[in-house]
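Q: Next come a sequence and a model predicted from it.
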There are 2 protein chains.
Amino acid sequence: MSLSNIEIAQGAQMRPIGEIAGSLGIPADSLEPYGRFKAKIALPYVASLRDRPQGKLILMTAISPTPAGEGKTTTTVGLGDALTRIGEKAMICLREPALGPVFGMKGGAAGGGYAQVVPMEDINLHFTGDFAAIEAATNLLAALIDNHITHGNALDIDARRVTWRRVLDVNDRSLRDVVIGLGGLGNGNPRETGFDIVVASEVMAIFCLATSIADLRERLGDIVVAYTRGRMPVRARDLNAHGAMTAVLRDALAPNLVQTLENTPAFVHGGPFANIAHGCSSVVATSTALHLADYVVTEAGFGADLGAEKFVDILCRTTGLRPSAAVIVATVRALKFHGGVEVADLQAADVAALERGMANLRRHVKTVTQTWGIPAVVAINHRAEDTDAEIAALIAGVEQAGAKAIVAKHYAEGSAGAEELAREVVRLCGEPSELQFTYPDESGLWDKMKAIATRIFGASDIIASTAVRTQIRRLQEEGYGEYPVCVAKTQYSFSTDPKLRGAPRDHVVDIREVRLAAGARFIVMICGDIMTMPGLPASPAANAIDVDDDGRITGLF
Amino acid sequence: MSLSNIEIAQGAQMRPIGEIAGSLGIPADSLEPYGRFKAKIALPYVASLRDRPQGKLILMTAISPTPAGEGKTTTTVGLGDALTRIGEKAMICLREPALGPVFGMKGGAAGGGYAQVVPMEDINLHFTGDFAAIEAATNLLAALIDNHITHGNALDIDARRVTWRRVLDVNDRSLRDVVIGLGGLGNGNPRETGFDIVVASEVMAIFCLATSIADLRERLGDIVVAYTRGRMPVRARDLNAHGAMTAVLRDALAPNLVQTLENTPAFVHGGPFANIAHGCSSVVATSTALHLADYVVTEAGFGADLGAEKFVDILCRTTGLRPSAAVIVATVRALKFHGGVEVADLQAADVAALERGMANLRRHVKTVTQTWGIPAVVAINHRAEDTDAEIAALIAGVEQAGAKAIVAKHYAEGSAGAEELAREVVRLCGEPSELQFTYPDESGLWDKMKAIATRIFGASDIIASTAVRTQIRRLQEEGYGEYPVCVAKTQYSFSTDPKLRGAPRDHVVDIREVRLAAGARFIVMICGDIMTMPGLPASPAANAIDVDDDGRITGLF
């Protein structure tokens, strides 16, 4: 009988975190330990690395997500371990799991099988408190807004135009739309608002894009939280909130060091949504890792059309970071789903369905290699039930798209299963490449959105209501035209309809809503329905989670 | 010019936390460091101490709080340091500061002047994440309740009788009364509810009373969260929530070790409100400290009528812990306020007002020494503006109550200023004493409340509406009569009217509401208005808090 993720993780031979840090050359006095197997790297040390040469950055992305699972985090860990195995100095950078989904449907997010980061329970539950700090900073700002309105409203905030929402790290659909300030005069002013999950907060996006405490503070001050009755923006700075918010976030900004099951060093830091935010772990962590290792593998959220697009057009564009190679994760199972097979039937071999589903993978491959010019390889995250015929069809299908596909068995075998993938990645990193953005900086906001929709999503056009068009024009006029666009749409399809699997084309993308993220410095364009506060399923994962008399956590997956 | 609290704290000569732990005999492998100056003590080690002899427990309490400030935490630190100074093996146990008040009116809560626990910024901001864990566990349970109702409501929960509220660690009056579940079918069922501050959560009370992970789990399962349409209680256990809640809280239950400015070891762990909860730091921390040191100073919240009463009648009663001595903190300034002087005029010497205000102190002294039989001393927390005449009057006034008052100058002088207090406390600990409770276990709930009101508050009687009387009778019939009573009322007066300073007597206490805390195992009786979610003032402390370019936090007080 095979072991569960948590059983494998609890059996890990972890090295003390000081040894892991030592292997990277980090001095002991720059380490802030959190228990014996987690540590933060002090920011002054991080700053001291600035002039060191940088290693090669490898972007882990994937096909459009399916309920069948793709294993992007697992493959990031597997590749990192395999790079170490073949003698390279490697690190990985991952996003921190959100607590809410751990108790909902998704479960943990620290990899799986023999490709995990550990201590798995800690990483999935609170970890070093970063998300709690982001939550506290977000909610402090919210309280300061309503408090300002209560105490005289000197800034003339229009209570109906407060855009700042509160956040919690829990899946709680009841909090999506609420009325606050009820109960009479002493409780403030009643108004409609809502709660998002922490990963959807602009503070999370800012946290992950900030390059220093000073940059963090500046960006927090820039956040537009509301508009006055005269429609002028009100910023966090106007409420004098940004200093206290920075104080709340100060310790959190230092990157968190842990290790994989095979003791490869890993930064797990930050974790913004890949729709309403940019979906990549913190710039501080990635930059630091690049100064410490020769190869750094980092993942972007969701499929390449959402997470990698934002990695390229938001993160790389604004930070100067450049990936030397990309890995696009796919599974036989998920491609069959894209080919029209329902979840219950995925166990059965079905080459024809897989070939239909390949359209999804091929479009992502084309985007990564041709649109952005990043040398890429497809990683087939292997599962025991995959047949030889399916694997052969997958490899052949990828070849048609001008790329190579490699079977990786890290889930079952650890690093040994991903050696070939690691060697190919090293080879790709040696190839010359120049990153091309999806659109130039100087393009207008409308044209930026159109470029993403037509070049990445395969759409024929974009549309919007008059109100949205006016809003976009206004943002352009107000000088926000230089910001990149952050598309919030379903992750399950290239279109805005989550049911359209495969590679729909010539669809039309409807921009339903536009939001200014003045601290994160991008314009969110919401297309179709997106969910910023998940709900719990009928049988939440929480029901199975427990602690035994020895204090061991069980049922976490 | 004198230094601010944070300036003094940032100049502290802290010893590495491993050395502090070592001085207590705690082995390195039982220490979970959080940075270099904070650590959690592993629970298996805590459990291994069970059969060791215990030191003497000293309860720090105070007169009824005033806006003038009394300095209970400061005196706890000063006494701990002074005990160390005179050669005793001493520890202190404090409550963790809540984040909300740090940004509101109260500021930090890690002591003051030359009597502080450090690292002060860390302790005031997040610390080791315990409150975030308590918040997450509370809100997870709330989400599971609403989710259960959404997904078929098999338990037949009456949505109007959900008593469980969500919590946040922020002062946010807008969240006191809210309507959730708006926005249509997908967002659940609209209903009225509200948010409390984390310290008011029953999970916080449970956390601080639990003696082990197993006890914590059992108590969490016992929480009554709602009633069915047939008025039967619904427990966290019925929702299968308690295992996951325990997992969320597992790491937090280990006590947090820090140090004072003078390197005396300090546990800072848990922090329940002293009205709606019992107001003492965790039993795990206090018990552990008693196994590690010869003298342990711990504080109870608010004045002796609220915090110390609960320490005696809830904590001591249910755990078997017994204080060997008590210290009752008073200031000249606060006593003048109790004597009728307004805050703006407190700077001026006023012996007559002080003598009037002494009534408050004398009643607390009588309660502690006569009602409960705890040997006690009054600590006059000295301020520079106190006149000799005022001090003399204070000392004489305490003598009339049969006790001794000692001037303590730890705020300005550190341990040297509290030596005399420390020697007196050691002497008192040598006196024979036997703790008397305010009421016997077997007394009915109504009579327990009446005993507290008449014996401690100086009331002539208690009253309640028919509905409340029915509820009390019902709880009695359902078998909860054996629980102690936890009185929630204003901390500013012996009466339920916060404006009645001094020592009002023959007032009548109106029980406005009764709540079952089945996991904490007490019955909350709410008398008068109490606030479980504070608001921010017109100029919140947050406005002054900032971080400079070197990452140093400023403006925290």
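A: Alright, I've got the coordinates. Everything numeric in this text was worked out from a predicted model, so none of it was measured.
Q: Quick check: residues of the stretch 401-550 of chain A near chain B?
A: A:Gly535, A:Leu536, A:Pro537, A:Ala538, A:Pro540, A:Ala542, A:Asn543, A:Ala544, A:Ile545, A:Asp546, A:Val547, A:Asp549 (CB under 8 Å from any CB of the partner chain). From N, CA and C alone the C-beta is placed, and that goes for glycine too.
Q: which one is the residue nearest the centre of chain A nearest to, not counting chain neighbours?
A: In chain A, the centroid-proximal residue (CA atoms, centre = their mean) is A:Gly279; its distance is 2.7 Å. Ranked by CB to CB, 6 or more residues apart in numbering or on different chains and with sequence neighbours excluded, the top spatial neighbour of A:Gly279 is A:Gly301, at 3.1 Å.
Q: quick one: A:Leu141 from A:Val378, how far?
A: Separation of A:Leu141 from A:Val378 (CB to CB, to the nearest Å) stands at 43 Å.
Q: So these two - more neighbours on which side?
A: The neighbour count for A:Leu141 versus A:Val378, taken as other CB atoms under 10 Å in any protein chain shown, is higher for A:Val378 (30 against 26).
Q: pLDDT at the more buried one, what is it?
A: Model confidence at A:Val378, given as pLDDT, is 98.
Q: what bridges to it?
A: Taking DSSP bridges as the rule, A:Val378 bridges to A:Ile328, A:Ala405.
Q: A:Pro33 and chain B, how far apart?
A: Using CB to the nearest CB, to the nearest Å, A:Pro33 is found at 4 Å from chain B.
Q: Can you report phi and psi for that residue?
A: Per-residue torsions, A:Pro33: phi -70, psi 140 (degrees, to the nearest 10).
Q: Counting neighbours, what do you get for it?
A: What A:Pro33 shows, counting by other CB under 10 Å, is a neighbour count of 23.
Q: So it sits against A:Ile17, correct?
A: Yes. Contact status for A:Pro33 versus A:Ile17: in contact at 6.1 Å, counting by CB atoms under 8 Å.
Q: so what sits against both of these two?
A: Contact with both A:Pro33 and A:Ile17 is made by residues A:Ala39, according to CB atoms under 8 Å, 6 or more residues apart in numbering or on different chains.
Q: sorry, back to before: contacting residues around the residue nearest to A:Gly279?
A: So A:Gly301 contacts A:Arg95, A:Pro272, A:Phe273, A:Ala274, A:Gly279, A:Cys280, A:Gly307, A:Lys310, A:Gln491 (CB under 8 Å, 6+ apart).
Q: repeat that with 10 Å
A: By CB atoms under 10 Å, 6 or more residues apart in numbering or on different chains, A:Gly301 lies in contact with A:61-62, A:65, A:72, A:95, A:199, A:271-275, A:277-281, A:307-308, A:310-311, A:491.
Q: biggest helix in chain A by residues?
A: The residue-count maximum for a helix in chain A (DSSP state H) belongs to helix A:130-150.
Q: Report the angle between the next helix or strand after that one and helix A:130-150.
A: As assigned by DSSP states H and E, the chain's next helix or strand after helix A:130-150 is strand A:157-162. Put simply, strand A:157-162 runs at 140 degrees to helix A:130-150, going by axes from the mean of the first three to the mean of the last three CA atoms, to 10 degrees.
Q: who does strand A:157-162 touch, helix- and strand-wise?
A: Helices and strands touching strand A:157-162, by 3 or more CB pairs under 10 Å, 6 or more residues apart in numbering or on different chains; DSSP states H and E, are helix A:130-150, strand A:191-193, strand A:224-228, strand A:233-235.
Q: after it, next one along is what?
A: Next helix or strand after strand A:157-162 toward the C-terminus (DSSP H and E): strand A:166-168.
Q: how close does the residue of the stretch 451-557 of chain A at minimum distance from chain B sit to A:Leu556?
A: Taking CB to the nearest CB as the measure, the stretch 451-557 of chain A has A:Asp546 as its residue closest to chain B, at 3.2 Å. According to CB to CB, A:Asp546 stands 9 Å off from A:Leu556.
Q: intersection of neighbour lists for the two?
A: Shared contacts of A:Asp546 and A:Leu556 (CB under 10 Å, 6+ apart): B:Ala244, B:Ala247.
Q: and the two? which has more neighbours close in?
A: Each of A:Asp546 and A:Leu556 has its neighbours counted (other CB under 10 Å); A:Leu556 has more, 24 against 19.
Q: Would you mind telling me which of the helices and strands packed on strand A:157-162 is nearest chain B?
A: Taking CB to the nearest CB, helix A:130-150 is the member of the helices and strands packed on strand A:157-162 nearest to chain B, at 3.5 Å.
Q: Okay, helices next: where are they in the stretch 251-400 of chain A?
A: Remark: helices assigned in the stretch 251-400 of chain A by DSSP state H, counting those that start in this stretch are A:283-292, A:309-310, A:317-319, A:332-338, A:351-366, A:388-400.
Q: any chance of the ones you listed in CSV, with mean pLDDT too?
A: Below are the helices of the stretch 251-400 of chain A laid out as CSV (pLDDT from 0 to 100):
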stretch, mean pLDDT
helix A:283-292, 98
helix A:309-310, 98
helix A:317-319, 95
helix A:332-338, 97
helix A:351-366, 97
helix A:388-400, 96
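Q: Give me the below-cutoff pLDDT ranges for chain A.
A: A:1, A:106-107 (pLDDT under 70).
Q: can we see that at 90?
A: Judged by pLDDT under 90, chain A has its weakly predicted residues at A:1-12, A:67-70, A:99-102, A:104-110, A:121, A:126, A:274-276, A:528-531, A:549-551, A:555-557.
Q: Excluding chain neighbours, give the residue nearest to A:Gly108 in space.
A: Per CB to CB, 6+ apart, closest to A:Gly108 is A:Asn124, 4.1 Å.
Q: what's the burial count for that neighbour?
A: When neighbours are defined as other CB under 10 Å, A:Asn124 has 28 of them.
Q: Who are the contact partners of it?
A: Going by CB under 10 Å, 6+ apart, A:Asn124 touches A:5-6, A:9, A:96-99, A:101-103, A:107-110, A:117, A:545, A:553, A:556-557, B:247.
Q: do A:Ser64 as well
A: With contacts defined as CB under 10 Å, 6+ apart, A:Ser64 is in contact with A:70, A:302-306, A:330, A:334, A:337-338, A:357, A:360-361, A:363-364, A:490-494, A:498, A:500-503.
Q: Write the PyMOL selection for whichever of the residues you listed are buried.
A: Of those, the buried ones go into a single PyMOL selection, burial set by 16 or more other CB atoms under 10 Å in any protein chain shown:
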select buried, chain A and resi 70+302+303+304+305+306+330+334+337+338+357+360+361+363+364+490+491+492+493+494+501+502+503
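Q: what's the neighbour count on the closest residue to A:Phe103 other than its chain neighbours?
A: For A:Phe103, ignoring the flanking residues on the chain, the nearest one in space by CB to CB, 6+ apart is A:Ala542 at 3.9 Å. Number of residues near A:Ala542 (other CB under 10 Å) recorded here: 27.
Q: Got phi/psi on A:Ala542?
A: The phi and psi values for A:Ala542, taken as degrees, to the nearest 10, are phi -50, psi -30.
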